[in-house]
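Peer 1: below are the sequence and a predicted model for it; my questions follow.
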Amino acid sequence: MIKLPEDKVIITVAQTGALVTKAMNPNLPEQPDEIVESAYACYQEGAAICHIHARDKEGKTTGSKAVFQEIHDKIRAKCNIIVQDTTGGGANLTIEQRIECLQAKPEMASLNMGTMMRVSGPYKGTAFANMREDIETYVTRMRELGVMLELVVYSHAMLREVDNLIQKGLVEKPYYINLVLGMIFQGAVEATPKYLTSLIDFLPEETLFNVTPVGAAQLPLTTMGMILGGCIRVGMEDNIYYRKGELVRSNAQFVARAVRIARELNKEPASPEEARRILGLKPMK
């Protein structure tokens, strides 16, 4: 495992997601201009990476290259925050639609390392599927496009797929693994300190890890992640409440709190350029 420099933390903001709606929190950014303004506000507060899910004009998740390209272009016109797209998409998207965003050439993209079962909502009982052959296809496409891979792990079992990619030489060091804890899907582990430290124990060498706790665990486990030398993710994709019973006003509010806590731990948020150097990304032109 690779720890970040003791005085730094890389903060990712996940602004929208596939499951949250404005009915749950009216402050959720859904349309391109809302997502762009949110990303810029988070950049100003100290986020180095923005994780992007896109929606169509009716608010449904989309993998449309045109929508992602609009978001990318408008963000890059305002600031140099690292753009990271999802390949998770939503339950309404086909496998091909989920990776269409790669055509918009983000610097990074996330990829789930396995399959889980949806246990609630309109798609209850359907699999959130990423078979090994699909994972290998996605990774090969990312390599061709020069997109850095974020390997998303929801349980210890998914580390088997990480190891498969390493053994086949499909991923390059440093590996960047996002540990998601507390997702309600069947197959994901709970968001507890014990599960977090256990997952970290099993990480491959030469790995930078990111901590993404879902729901109320976002605050305590991102703090723990910083203490353990990891990167962290905050945002409305994972949590819509600032504190119990109080809806968060914006993604930037989450980022600002993470930065305050980091500074109490004698850490500064890495700038996008510092994050690029740590992650091995090329400097933004």
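Peer 2: Looks like it came in fine.

Peer 1: now the helices for the stretch 101-250 of the chain?
Peer 2: Assigned by DSSP state H, counting those that start in this stretch, the stretch 101-250 of the chain shows helices spanning 132-145, 159-167, 193-201, 218-227.

Peer 1: tell me the most buried of those helices?
Peer 2: Neighbour counts (mean count of other Cβ atoms under 10 Å) averaged over each of the helices of the stretch 101-250 of the chain peak at helix 218-227, with a mean of 20. Bear in mind the C-beta positions are built from the backbone N, C-alpha and C, glycine included.

Peer 1: hang on, the earlier thing: go through the helices of the stretch 101-250 of the chain and find the least confident stretch.
Peer 2: Of all the helices of the stretch 101-250 of the chain, the minimum mean pLDDT falls on helix 132-145 (a mean of 95).

Peer 1: that helix to helix 159-167, inter-axis angle?
Peer 2: 40 degrees (axes from the mean of the first three to the mean of the last three Cα atoms, to 10 degrees).

Peer 1: show me where pLDDT drops low in the protein?
Peer 2: 285 (pLDDT under 70).

Peer 1: so for it, which residue is the most central one in space?
Peer 2: H51 (5.2 Å; Cα atoms, centre = their mean).

Peer 1: residues touching stretch 14-23, excluding its own?
Peer 2: Residues external to stretch 14-23 that are found in contact with it (Cβ atoms under 8 Å, 6 or more residues apart in numbering): 28-30, 35, 38-39, 42, 50-55, 59, 61, 86, 88-91, 121, 212, 233-238, 240, 251.

Peer 1: now, of those residues, which are buried?
Peer 2: 28-30, 35, 38-39, 42, 50-55, 61, 86, 88-91, 212, 233-238, 240, 251 (16 or more other Cβ atoms under 10 Å).

Peer 1: R141 contacts C101, correct?
Peer 2: No: applying Cβ atoms under 8 Å as the test, R141 and C101 come out as separate, 11.2 Å apart.

Peer 1: the residue nearest to the centre of the chain and M108: what is the separation?
Peer 2: H51 sits 9 Å away from M108, going by Cβ to Cβ, to the nearest Å.

Peer 1: go on, I71?
Peer 2: For I71, the distance to M108 - Cβ to Cβ - is 14 Å.

Peer 1: looking at those two, which is more packed in?
Peer 2: Counted by other Cβ atoms under 10 Å, I71 and M108 do not tie: I71 has more neighbours, with 26 against 20.

Peer 1: which residue, other than its chain neighbours, is closest to the more buried one?
Peer 2: Of all residues not flanking I71 in the chain, P32 sits nearest, at 5.0 Å (Cβ to Cβ, 6 or more residues apart in numbering).

Peer 1: so what's the one you found up against?
Peer 2: Applying Cβ under 8 Å, 6+ apart, we find P32 in contact with 54, 67, 70-71, 74.

Peer 1: so which of the residues you listed are in strands?
Peer 2: A54 (DSSP state E).

Peer 1: looking at the contacts of P32, which are in helices?
Peer 2: Using DSSP state H, the subset of the contacts of P32 located in helices is 67, 70-71, 74.
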